[in-house]
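Visitor: all I have is the shape, not the residue letters:
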């Protein structure tokens, strides 16, 4: 699913630099912004793990800050090796 913003070339997400910018967005535009954020998350993960976008899906938390994602075609070892380590 793509957002309406991708059709006309403008994205709300492009104007967001911090929390104050999000607060300034009109309430009726928040669902569009949330969709853009989900699309950007999938793009970033597909680039980071070198997989096509269709291999990345949000398993749970689609409307929450914390999300669980699935990346098809990768082993747990490959995923772990590309994640930053704590400490």
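Guide: Received it, and whenever you're ready, just let me know what you need. Every value quoted in this text rests on a predicted model; they were computed, and no experiment measured them.
Visitor: and the next helix or strand past the longest helix along the chain?
Guide: Longest helix in the chain, counting residues (DSSP state H): helix 30-48. Sequence order places strand 56-60 as the next helix or strand after helix 30-48, per DSSP states H and E.
Visitor: partners of that following strand, with directions?
Guide: Using DSSP bridges, strand 56-60 pairs in its sheet with strand 68-71 (antiparallel).
Visitor: got the contact list for the strand it pairs with?
Guide: For strand 68-71, contacts defined as Cβ atoms under 8 Å, 6 or more residues apart in numbering pick out 41, 45, 49, 51, 55, 56, 57, 58, 59, 60, 61, 79. (Each C-beta comes from the backbone N, C-alpha and C, glycine too.)
Visitor: look up how far residue 42 lies from the last one.
Guide: Spelled out, that is residue 79. 15 Å (Cβ to Cβ, to the nearest Å).
Visitor: likewise the fourth one?
Guide: Computed as Cβ to Cβ, the residue 51 to residue 42 distance reads 10 Å.
Visitor: hang on, the earlier thing: tabulate the contacts of strand 68-71 in a markdown table, adding columns for neighbour count and distance to residue 14.
Guide: Converted to a markdown table, the contacts of strand 68-71 look like this (neighbours: other Cβ atoms under 10 Å; distance: Cβ to Cβ, whole Å):
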| residue | neighbour count | distance to residue 14 |
| --- | --- | --- |
| 41 | 14 | 15 |
| 45 | 17 | 19 |
| 49 | 16 | 24 |
| 51 | 16 | 25 |
| 55 | 16 | 25 |
| 56 | 20 | 21 |
| 57 | 14 | 24 |
| 58 | 15 | 21 |
| 59 | 9 | 27 |
| 60 | 11 | 27 |
| 61 | 11 | 24 |
| 79 | 11 | 29 |
